[in-house]
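Q: The sequence and its predicted three-dimensional model are supplied below.
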Amino acid sequence: MVFGKSRTGRIEMINIAEQISNRAGRGLAEMALGQALGLLGNNPEKNAKYVISAVDYFTRRKKDSIRRDWVRNWLRDGGPGREFLGRILKNTNPAVRRRYIARMIVSFLFRDPPYTMLISPTMRCNYRCHGCYAASYERKEDMSPEVFDRVIGEAEDMGINFIILLGGEPFLYPGLLDILHKHSHSFFQIYTNGSLVDKAMAKKLVRLGNVAPQLSVNGPGLYTDSSRGEGAFQRVMTAMDNLREEGCVFGFSSLVTRHNVDVIISEEWIDLLIAKGALYGWLFLYMPVGADPDINLMPTPEQRNQLRIAIRRYRATKPILPVDFWSDGAITGGCIAGGRAYFHVNHFGDVEPCIFCHFATHNIKSCSLNESLDSDFFKAIRENQPFSYNTLRPCPMIDHPHVMWRIIQEQGAKPTHDGAEKIFTTFAPDMEQYAAGVQRIMDDVWDNDDYHDWAARWEAMPSGVTPAKFEALRRNYEESRVHKERLNSKPCILARP
């Protein structure tokens, strides 16, 4: 969806006919892909052909070429996608295959921005994790069921049917599954610590068919228990067993810090997650936001590059799909926040550009979701995206903090909790030093690896990057690199005694 205002000031949708056609296409694609997934058998070659045929048919547009080519390469003979399909067949209930997995893949292929909404109906939690403030909230501070239901409905009306639930611990929210059942045409990822996912809950989720838990785990044994409490690791492993045995799709979510990055990217750890049944996973760099942020927990620029290398290697060799928001900026054309591809609604109703950017100008209790996404604050963020031609440095929070702070101040965005501005004020010198270190490493990677092929095709994607802006970004980047090379090549002239 593209937001804009007519001359009369009315909020309007652009290219309505195209969007209606696209929604119809999504419905047909879900049906076709669901049938293909339902036909999976014991022949890996036939399985891959079923899925490739369905994907090829519905990705004929030029702007779909990046995703189509990636799927075909991933499902090539000998590729990890063949084994991935085998894991789906072995571990996933057929009804879940036809509903959740088909919708997830189609959303990936048919996304018109924004295509994902993050929403936190509660911030209450039964854990007391180090550095997290969620345990201090009470039930009276939950989002009301009426507002929660209304916002999901408004998102669906805008064409968003991939919704991510955060917290707190979402499974503490009363009546959660009833609301998700009501919105059966959408599919939901629930970020959870896993402590409430017993066998009975796993059965309920399979019956729903449109829900996949994302289990939070920060590494084996002590790595998880040290941050989440004694016994947390074993509880999340048990939750994985319960979900796998019932045939429910699930993934993992890991917070990557300076202290656990080596074990998080180890082959032994990835293999354990595969054995437990996880199909995909999100890896999040520690961000110095929230309660009592500790800048020293951030992975170093060098460790961030280690993570990038590992993620690419595992996607090319293992039957699992790990994702790194920062290093995968090349795939998305940079930052996806501010409604370009996603946004976050917190439990108070504040509409934030990103799960890590705790600032807002609008609240869904006093306006519609569409009005929130059309705010000057969100538009300013989208107009500045991508923040660099090198989209291995996509993040305005940690890679370009001066730009994000300027937008926040210019648009009068207010912090949604105490201390939200610390990353831009208290930690400003540290963040500038960090950003410089990331630029030094990632610019060299960008110039010498295979990322240019992605950049050259952004214009065909629904990214909002015009050819003129694309060319200006490229020119500015290349000029900065030439300037840097000249500085590095200048001879050192010693003063005469």
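A: Nice, I can see it.

Q: which stretches of the stretch 51-200 of the chain have low pLDDT?
A: Scanning the stretch 51-200 of the chain for pLDDT under 70 picks out 58, 61-64, 100, 102-113, 131-138.

Q: any chance you could map the helices in it?
A: 65-74, 80-91, 94-96, 102-109, 145-157, 176-182, 199-208 (DSSP state H, counting those that start in this stretch).

Q: buried set for the first one?
A: Read that as helix 65-74. I66, R67, R68, V71, R72, W74 (16 or more other Cβ atoms under 10 Å). Where you see a C-beta, it was placed from the backbone N, CA and C, and this is true even at glycine.

Q: Need the helices of the stretch 51-200 of the chain in CSV (columns: distance to R258).
A: Rendered in CSV, the data for the helices of the stretch 51-200 of the chain read as follows (distance: least, Cβ to Cβ, whole Å):
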stretch, distance to R258
helix 65-74, 31
helix 80-91, 29
helix 94-96, 37
helix 102-109, 32
helix 145-157, 36
helix 176-182, 34
helix 199-208, 34
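
Q: hey, which of those helices is tucked in deepest?
A: Highest mean neighbour count of the helices of the stretch 51-200 of the chain: helix 102-109, a mean of 21 (counted as mean count of other Cβ atoms under 10 Å).

Q: check contacts around G231.
A: D225 (Cβ atoms under 8 Å, 6 or more residues apart in numbering).

Q: wait, I meant I270
A: Neighbours of I270 in contact, by Cβ under 8 Å, 6+ apart: Y314, K318, I320, P322.

Q: Now with 7 Å, please.
A: Y314, K318, I320 (Cβ atoms under 7 Å, 6 or more residues apart in numbering).

Q: What helix or strand is the first one located in?
A: Right, the one you point to is Y314. Using DSSP states H and E, Y314 sits within helix 301-317.

Q: got the CA positions of that helix in CSV?
A: Extracted C-alpha coordinates of helix 301-317, given in CSV (Å, rounded to 0.1, in the frame of the first residue of the first chain):
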residue,chain,number,x,y,z
PRO,A,301,31.5,-4.5,14.3
GLU,A,302,33.8,-7.5,13.7
GLN,A,303,31.3,-9.8,15.5
ARG,A,304,28.5,-8.4,13.4
ASN,A,305,30.4,-9.4,10.3
GLN,A,306,31.0,-12.9,11.7
LEU,A,307,27.3,-13.2,12.1
ARG,A,308,26.7,-12.1,8.5
ILE,A,309,29.1,-14.7,7.2
ALA,A,310,27.6,-17.5,9.3
ILE,A,311,24.0,-16.7,8.3
ARG,A,312,24.8,-16.8,4.6
ARG,A,313,26.7,-20.0,5.0
TYR,A,314,24.0,-21.8,6.8
ARG,A,315,21.2,-20.7,4.4
ALA,A,316,23.3,-22.1,1.6
THR,A,317,24.1,-25.4,3.3
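
Q: What lies in contact with the following helix or strand past that helix?
A: Going down the chain from helix 301-317, the next helix or strand is strand 321-324, by DSSP H and E. Strand 321-324 is contacted by residues L279, Y280, G281, W282, L283, L307, R308, I311, Y314, R315 when judged by Cβ under 7 Å, 6+ apart.

Q: switch to 8 Å and redo it
A: Contacts of strand 321-324 (Cβ under 8 Å, 6+ apart): F84, I270, L279, Y280, G281, W282, L283, L307, R308, I311, Y314, R315.

Q: For D350, state which of the buried residues of helix 65-74 is nearest.
A: Nearest to D350 among these is R67, at 32.1 Å by Cβ to Cβ.

Q: picking that back up, ok, which of the helices of the stretch 51-200 of the chain comes nearest I274?
A: That would be, of those and by Cβ to Cβ, helix 80-91, which comes in at 7.7 Å.

Q: Go ahead and flag the most central residue of the protein.
A: The C-alpha lying nearest the average C-alpha coordinate of the chain belongs to F325 (Cα atoms, centre = their mean; 5.9 Å).

Q: picking that back up, want to try JSON lines for the contacts of strand 321-324, with distance to S480 as columns?
A: As requested, the contacts of strand 321-324 are exported to JSON lines (distance: Cβ to Cβ, whole Å):
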{"residue": "F84", "distance to S480": "40"}
{"residue": "I270", "distance to S480": "36"}
{"residue": "L279", "distance to S480": "40"}
{"residue": "Y280", "distance to S480": "35"}
{"residue": "G281", "distance to S480": "34"}
{"residue": "W282", "distance to S480": "31"}
{"residue": "L283", "distance to S480": "29"}
{"residue": "L307", "distance to S480": "25"}
{"residue": "R308", "distance to S480": "21"}
{"residue": "I311", "distance to S480": "27"}
{"residue": "Y314", "distance to S480": "32"}
{"residue": "R315", "distance to S480": "30"}
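
Q: so for stretch 433-452, what's the average pLDDT?
A: Mean per-residue pLDDT for stretch 433-452: 91.

Q: Pull out the buried residues from that stretch.
A: Y434, A435, V438, Q439, I441, M442, D443, V445, W446, Y451.

Q: residues touching the last one, list them.
A: Under the criterion of Cβ under 8 Å, 6+ apart, the neighbours of Y451 are A330, T391, L392, V445.

Q: and if we set it to 6 Å?
A: Counting by Cβ atoms under 6 Å, 6 or more residues apart in numbering, Y451 makes contact with A330.

Q: G281 bridge partners, please.
A: Counting by DSSP bridges, G281 forms beta bridges with F252, P322.

Q: what's the pLDDT at it?
A: G281 is given a pLDDT of 96.

Q: From Q385, how far out is T466?
A: For T466, the distance to Q385 equals 12 Å [Cβ to Cβ, to the nearest Å].

Q: Specify which residue of the two has the higher count of neighbours.
A: Q385 (23 against 10; other Cβ atoms under 10 Å).

Q: quick one: that one and A468, what's the gap?
A: Taking Cβ to Cβ, one finds Q385 at 15 Å from A468.

Q: Check M240 too.
A: Distance from M240 to A468, by Cβ to Cβ: 48 Å.

Q: which of these two has more neighbours?
A: Neighbours were counted for M240 and for A468 using other Cβ under 10 Å; M240 has more, 24 against 8.

Q: ok, that one touching K276?
A: Yes - when contacts are counted by Cβ atoms under 6 Å, M240 is listed as touching K276 (4.2 Å).

Q: Please consider this matter closed, and thank you.
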